[in-house]
Structure formats: structure tokens, C-alpha cells
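Student: predicted structure and sequence below. I'll ask about it afterward.
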Amino acid sequence: MLCRLTLRRAESRQRSQHSADPYEQDDRGACRRSQRGASAVLTDLLAVGVTYAAVALAAWPLGLYMARVYRGEPTFLSPVMRPVEHGLYRLVGVREADDQRWTVYLLSVLV
């Protein structure tokens, strides 16, 4: 299955010049595997490595931050975000200490 070009795919390839298919057809109609340079492969591997490193470095601090938020403890953003939160609560008429019943939640979701 070296060349997986059917008549339909060949026609669609003529319409679009850029295709993600790794197989190409040369001028004589022979199928060949397209060649990617080694630098392109290394660039892709570097991008994957940088992404993994960024996720690994950010996971622990973000997890600690989220744990503090869910426990209701103040965080480094509390002095800035708490007044904004209170202002929004006051604007929409929400009392922070009151619990919300499921019927009120359902109504707010539907509206």
C-alpha cells in the first residue's frame, strides 16, 4: 500500500496544492514518500519537549494555588480580586453567605 491515491484523491489533490498526505506523485505518475528534512523533525521534537517542560513546571504551583482557592484561603491575588468579586456580587444581588438551592441554580442556567 505504498501509494494510497485513488482517482478521487488525485482529483482533490489537483484542487488543493497543500495536503497532509505523506505520499506524493511525481511527474511520471510514480508514487514516492515525501522527504522531510532532519531539521523539521528536530524542530517538532523540540516543540514537544518545550511543551512537556512547561506543563511539568506549571503543574505544581498551579495545583497549590487551586488547593488554596478551593479551601477558601487567601491567595496572592486576593487583595486585587476580592474587591472585584464583591462588586460583582453587589451588582447582581448575590449574598455570598447564602446557599443556592438547586431550583434557583436550574433557573439561572436556563435563563
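Tutor: Structure's in. What do you need?
Student: show me the strands in the chain, by range?
Tutor: With DSSP state E as the criterion, the chain has strands at 23-25, 31-33.
Student: next, Phe76: phi, psi?
Tutor: Backbone torsions for Phe76, taken as degrees, to the nearest 10, come to phi -70, psi -20.
Student: let me know the pLDDT of Arg95.
Tutor: The model reports Arg95 with a pLDDT of 84.
Student: what's around it, how many residues?
Tutor: Burial measure for Arg95: 9 neighbouring residues, criterion other CB atoms under 10 Å. The way it works is simple: take the backbone N, C-alpha and C, and place the C-beta from them, glycine included.
Student: what's the nearest residue to it if we skip its chain neighbours?
Tutor: Nearest non-adjacent residue to Arg95, counting by CB to CB, 6 or more residues apart in numbering: Tyr89, 7.6 Å away.
Student: pretty sure the one you found contacts Asp98?
Tutor: No: in this structure Tyr89 lies outside contact range of Asp98 using CB atoms under 8 Å: 10.7 Å.
Student: neighbour count: those two, which is higher?
Tutor: Tyr89 (12 against 8).
Student: mind checking how far the more buried one is from Leu45?
Tutor: 48 Å (CB to CB, to the nearest Å).
Student: Pro83 now?
Tutor: 46 Å.
Student: check contacts around Leu88.
Tutor: The contact partners of Leu88, taken as CB atoms under 8 Å, 6 or more residues apart in numbering, number zero.
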